[in-house]
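> sequence plus the predicted model coming up.
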Amino acid sequence: MSAQAWFNRIWYDGRAPWWLTPPALLYRGLVAARRTLYRRGIGRTVRLARPVIIVGNLSVGGTGKTPLVLWLTAQLRVRGRRPGIVTRGFGGTARSAHLLDATADVERAGDEPVLLARRSGVPVAVGRDRVKASQLLIDAGCDTIVSDDGLQHYALGRACEIAVVDAARCFGNGWSLPAGPLREPPSRLTATQAIVIQAEAATAEAGQEAVATALAGVPRVPDEREVRPAVVTMQLAPGEAVALVGERHQPLTAFAGTTVHAVAAIGNPQRFFRMLVAAGIGVMAHPLPDHARISAADIRFADGNSVLMTEKDAVKCAGIADARHWYVPVDAGFSPTDAARLLDIVMNCIAGFERGAHEAPDG
């Protein structure tokens with residue numbers, strides 16, 4: 001069992017061993033102290049000349065942030081904005097902030113940034129220093145910065161915070177790292193402008209109840225606004241399967257009634273496997289650690305069965321895939337009411353930022 005699989009088991013399916021409790025308490029104390037330093041101005045937060053929209057989460061692992069970022073940037077473009085995406089580039093070797101495009105090297109930039117560059121059609125900047133990376137986007141002509149992750153990156157000032165919660169896993173066992181999956185306590189949600197619950201039909205109600213409990217049953221953070229964050233629900237829907245070799249596309253239903261190898265090196269691989277099963281596909285699951293480097297041995301199997309993988313994994317498989325290999329993109333979707341509500345919040349935050357920037361005195 002990999003280290004990630006072991007932690008996922010104790011975080012979401014069991015109880016953490018006692019010896020993880022002291023470091024978890026220390027971690028939570030350090031997180032609270034760090035947030036207090038930034039709130040009091042001791043830690044330096046940089047307010048850029050353009051609004052920053054943070055799409056983040058409280059927990060480690062996949063919650064659906066990246067599909068939401070792609071959806072949001074598309075919606076901003078429809079509304080006449082020129083968005084750019086900033087991301088840390090986890091797993092990439094590059095140390096300095098830089099812009100990238102759809103031809104970027106995965107080893108240097110990381111898998112998620114390359115996926116974002118290929119799918120979004122907007123400038124993407126990668127960097128551990130998100131302030132410098134965001135400035136590159138502004139210099140490139142972007143008028144709105146959308147940050148994929150970064151809720152805890154307080155050095156980057158923001159006009160709007162959107163927290164994504166996975167309804168199936170919610171807050172796990174409720175403990176902070178390393179005893180649980182939480183980077184920050186659930187009370188942190190009360191300081192955001194919007195909470196997006198990523199939900200399958202079977203878990204949507206439970207996720208909404210968990211978030212409601214977090215909002216109502218924990219103390220408010222000291223700098224919370226009077227207005228409670230809006231809560232909306234997002235679904236992830238699979239698109240057509242795309243061949244890694246050639247220009248072939250086919251509906252996911254074409255694999256129904258067959259058994260495939262399913263490869264997923266993402267934060268929550270079971271979500272991908274469940275999606276395939278829901279489409280009537282038999283799954284031989286091959287979960288890998290999040291952001292894992294993928295070799296030919298990871299995706300080539302002795303039988304002739306098709307191999308389906310996530311889009312994030314596909315960007316790492318150029319040169320080792322053959323005609324059996326397909327990836328399945330996913331898209332974020334909302335009800336018309338929830339989509340309008342979330343976009344109203346974002347556009348109002350952008351307008352408020354720009355109004356404040358216009359009214360601020362020079363110097």
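That came through, no problem.

> please make it C-alpha for all contacts and neighbour counts, starting now.
Fine.

> all the strands of the stretch 101-250 of the chain, residue numbers only.
124-126, 144-148, 160-166, 194-198, 230-238, 241-243, 249-250 (DSSP state E, counting those that start in this stretch).

> so for the residue nearest to residue 291 when sequence neighbours are not counted, what's the pLDDT?
Nearest in space to residue 291, with sequence neighbours left out and distances taken as CA to CA, 6 or more residues apart in numbering, is residue 265 at 5.8 Å. pLDDT recorded at residue 265 is 93.

> and residue 265, how many neighbours does it have?
Residue 265 sits with 19 neighbouring residues when counted by other CA atoms under 10 Å.

> now swap in residue 242 and tell me
Count around residue 242 with other CA under 10 Å applied: 22.

> now swap in residue 33 and tell me
12.

> and it, which of the three is it?
helix (DSSP: H, G, I helix; E, B strand; the rest coil).

> check what pLDDT it gets.
96.

> which of the strands of the stretch 101-250 of the chain is buried the deepest?
Each of these was scored by mean neighbour count; the highest is strand 124-126, a mean of 29, by mean count of other CA atoms under 10 Å.

> for the residue nearest to residue 291, give me its contacts.
287-292, 310, 313 (CA atoms under 8 Å, 6 or more residues apart in numbering).

> give me every residue that touches residue 173.
11-12, 14-15, 180-181.

> do the same with residue 333
71, 234-237.

> switch to 7 Å and redo it
Neighbouring residues of residue 333 by CA atoms under 7 Å, 6 or more residues apart in numbering: 234-236.

> do residue 282 as well
257-260.

> thought residue 194 was touching residue 163?
Yes - taking contacts as CA atoms under 7 Å, residue 194 lies within contact range of residue 163: 6.4 Å.

> any stretches of the protein with poor pLDDT?
Of all residues in the chain, those with pLDDT under 70 make up the ranges 1, 201-204, 217-227, 358-363.

> so which residue is smack in the middle of it?
Centroid check for the chain by CA atoms, centre = their mean gives residue 65 as the closest residue, at 2.5 Å.

> okay, now the domains of the chain?
The record's domain split for the chain, according to automatic domain parsing, is 3-81+143-236+334-359, 240-328.

> any idea which element the closest residue to residue 296 other than its chain neighbours lies in?
Leaving aside its chain neighbours, residue 296 sits nearest to residue 320 (5.5 Å; criterion: CA to CA, 6+ apart). Per DSSP states H and E, residue 320 falls between elements, in no helix or strand.

> residues near residue 320, how many?
Residue 320, neighbours per other CA under 10 Å, totals 16.

> roughly how far does it sit from residue 314?
Note on residue 320: its distance to residue 314, by CA to CA, to the nearest Å, is 10 Å.

> repeat that for residue 44.
38 Å.

> more neighbours: those two, which one.
residue 314 (24 against 14).

> buried set for stretch 78-98?
82-92, 94, 97-98 (16 or more other CA atoms under 10 Å).

> likewise stretch 286-298?
Quick answer for stretch 286-298 (16+ other CA under 10 Å): 286-291, 293-294.

> was I right to think residue 256 contacts residue 278?
No - in this structure residue 256 lies outside contact range of residue 278 using CA under 7 Å: 9.5 Å.

> so for these two, which sits in the more crowded spot?
Legend: neighbour count by other CA under 10 Å for residue 256 and residue 278, higher for residue 256 (16 against 11).

> in contact with the more buried one, which residues?
Here residue 256 is in contact with 279-281 (CA under 7 Å, 6+ apart).

> report the separation between the closest residue to residue 17 other than its chain neighbours and residue 150.
Closest residue in space to residue 17, ignoring its immediate chain neighbours: residue 179 at 7.6 Å, by CA to CA, 6+ apart. Residue 179 sits 22 Å away from residue 150, going by CA to CA.

> residues touching residue 178, list them.
Per CA under 7 Å, 6+ apart, neighbours of residue 178: 20, 23-24.

> among the residues you listed, who's most crowded?
Ranked by neighbours (other CA under 10 Å), the contacts of residue 178 are led by residue 24, which has 18 neighbours.

> wait, isn't that residue in contact with residue 174?
No - taking CA under 7 Å as the definition, residue 24 is not a contact partner of residue 174, at 10.9 Å.

> got the angle for whichever helix in the chain runs longest vs strand 194-198?
Criterion DSSP state H: the longest helix present in the chain is helix 336-359. On the basis of axes from the mean of the first three to the mean of the last three CA atoms, to 10 degrees, helix 336-359 is oriented at 150 degrees to strand 194-198.

> got the contact list for helix 336-359?
Contacts of helix 336-359 (CA under 7 Å, 6+ apart): 51, 159-160, 232-233.

> TSV please, covering those residues and showing distance to residue 133.
As requested, those are exported to TSV (distance: CA to CA, whole Å):
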residue	distance to residue 133
51	14
159	17
160	18
232	29
233	30
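
> so which of those residues comes closest to residue 117?
residue 51 (20.3 Å; CA to CA).

> gap between the closest one and residue 5?
Distance from residue 51 to residue 5, by CA to CA: 38 Å.

> who has more neighbours out of the two?
Neighbours were counted for residue 51 and for residue 5 using other CA under 10 Å; residue 51 has more, 24 against 13.

> my read: residue 113 touches residue 89, true?
Yes - applying CA under 7 Å as the test, residue 113 and residue 89 come out as touching, 6.0 Å apart.

> can you put the contacts of residue 256 in a markdown table and add secondary structure?
What follows is the contacts of residue 256, written out as a markdown table (three-state DSSP):
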| residue | secondary structure |
| --- | --- |
| 279 | coil |
| 280 | coil |
| 281 | coil |
